[in-house]
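Asks: sequence and computational prediction follow.
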Amino acid sequence: MTNSDNLSGAAPASSSAGASNAVPSNAVPSNAVPPSTVPAGEVPAGAAGSSMGGANVVIGLDIGGTKTRGVRFEHGEPVADESVGSANVQNVSGAEAAAHLAELFAKIGQGPVAQVYAGAGGIDTDEDAAALAALIEPHAPGARITVVHDSRLLLAAGGASTGVAVIAGTGSAAWGTNGDGAEARAGGWGYLLGDEGSGYWLGREAVRHSLRRMNQGQEPDELTRALLDSCRTDDPNKLIALFHSPETGRRFWAQQARLVVEAADAGHSVSRDLIDQAGKDLAEMAAQVLQQLGLDGPVILGSGLGMNVVRLQESFRKHLAAAGVSDVRILEQDPVFGVPLLVRDQP
C-alpha cells in the first residue's frame, strides 16, 4: 500500500457517474460535498523522511495537462524549482508520466524527503489518487504522499483557507471549501464532457468558427487565417481530419487559444465574444460552488489563461459582479507555492 492521502473530495469510483455524494443533513447545505481526508496509508515511525535529516523537506508538485512543475521546499522555503513534461495520465501514457517524474525527482528530489504533496487535474476518485501516488512513491521512499485535485493548490497559493479556486488553463474546474470543512466542485469533467472556459475550449471553438464559415461559403477571416497558419494548412476543410488526428490532442488545441486572444486584442468581434463567454462560464462555475457552500468569497482565478489573459479576467469579474460577488482575486503566484500552507494545515 502506498503512503498516500486522497483528498480529492470525490465520490468513490464504485459510485454511478451521475450520483451525488451524501452529506449529513445537519452538517452543511444538502448539495455540498463533504471532505475526504481518510489516508490510504501512514508513514511508519522511523521512515527515511523523518529519521535521516529530511523531516523539513517537502516536494510540491503541480501536474498540469502540459507540464509538471516541482518545487523543493526546505523549512517552508523554496530551494529548487524545475519543470518537465506532463505526468498527468489523462494526457500522456503511464510510461511517459513515469519518465517525466523520474526526470523531475532527479533534479529536485535528492536525499530524504518527508512529504510529497501533489496536485493534479483529474483526481476524482480514491483510485485516481492511488494511481498517481504509486508513480511518485519510488522517487520518495518512506515519504508521506498526498495527492489532491490541483484546484486545492490554487486556493492555498492565493493565501486563502476558505473560498473558491477556479482553474482556467488547459482545462477548467472550480473547487471550494468553507469554514465547516465542507467542499463542493463544479466542472473538471475533462475535455470530452466539459472544460468550458479553458484553453482547449477556446481552441476548439476557433476550429468550429472556421468550419462554420466554410460551410456558409465565407472566406476565412483573421481568426481562421491565424489558425490555418498555426496548423500549417491552407484549407479549412482539412481542420476536421487534423482535429481528430492522433497527431494532435488536447494540449495542441489548447495552445491555439492564444490565437483567439490575439485576434480579440486586434478587434475581432467573434474572438471577443468567445473570451467573454469563457469568462461567463468560469464565473457560473464559481457562483455555483459559492452557493453550495454558503460563501460570499473569495473567488481566486488562476492557471495559465486565468493569470495572464486580462480580457478573460475582466469578463470573469463582470459576470461574478452581476451575480453579487465582489471578492474576486487573480492569483499572483503559481499554485505549487500553496503547498507549504497545505502541509502546515493538514491533519
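Replies: Good, I have the coordinates.
Asks: dump the residue contacts of the nearest residue to Gln90 once chain neighbours are set aside.
Replies: The spatial neighbour of Gln90 that comes closest, neighbours along the chain excluded (C-beta to C-beta, 6 or more residues apart in numbering), is Gly122 at 4.4 Å. For glycine as for every other residue, the C-beta is placed from the backbone atoms N, C-alpha and C. Gly122 makes contacts with Asn88, Val89, Gln90, Asp128, Gly188, Gly190, as judged by C-beta atoms under 8 Å, 6 or more residues apart in numbering.
Asks: helix, strand or coil for Gly122?
Replies: When the structure is split into helix, strand and coil by DSSP: H, G, I helix; E, B strand; the rest coil, Gly122 lands in coil.
Asks: ok so, going back, which ones among the contacts of Gly122 map onto helices?
Replies: Secondary structure assignment by DSSP state H places Asp128 of the contacts of Gly122 in helices.
Asks: farthest pair in the contacts of Gly122?
Replies: Of all pairs drawn from the contacts of Gly122, the one with the largest separation by C-beta to C-beta is Val89 and Gly188; the distance is 15.6 Å.
Asks: who has more neighbours out of the two?
Replies: Here Val89 and Gly188 are compared on neighbour count by other C-beta atoms under 10 Å; more neighbours surround Gly188, at 23 against 19.
Asks: show the backbone phi and psi for that one.
Replies: Dihedral pair for Gly188: phi 70, psi 30, per degrees, to the nearest 10.
Asks: read off the pLDDT value for it.
Replies: In this prediction, Gly188 carries a pLDDT score of 84.
Asks: residues contacting it?
Replies: Contacts for Gly188 were tallied using C-beta under 8 Å, 6+ apart; they are Gly121, Gly122, Asp124, His149, Ser151, Ile167, Gly171, Ser172, Ala173, Ala174, Trp175, Gly194.
Asks: tell me the secondary structure for Leu295?
Replies: For Leu295, the assignment made with three-state DSSP gives coil.
Asks: what about it, neighbour count?
Replies: By the other C-beta under 10 Å criterion, the neighbourhood of Leu295 contains 21 residues.
Asks: the closest residue to it other than its chain neighbours and Ser161: what is the separation?
Replies: Excluding the flanking residues, the one nearest Leu295 by C-beta to C-beta, 6+ apart is Asn178, at 5.6 Å. As for Asn178, its distance to Ser161 is 10 Å (criterion: C-beta to C-beta, to the nearest Å).
Asks: between these two, which one's more packed in?
Replies: More neighbours surround Asn178 than the other of Asn178 and Ser161, with 21 against 13 (other C-beta under 10 Å).
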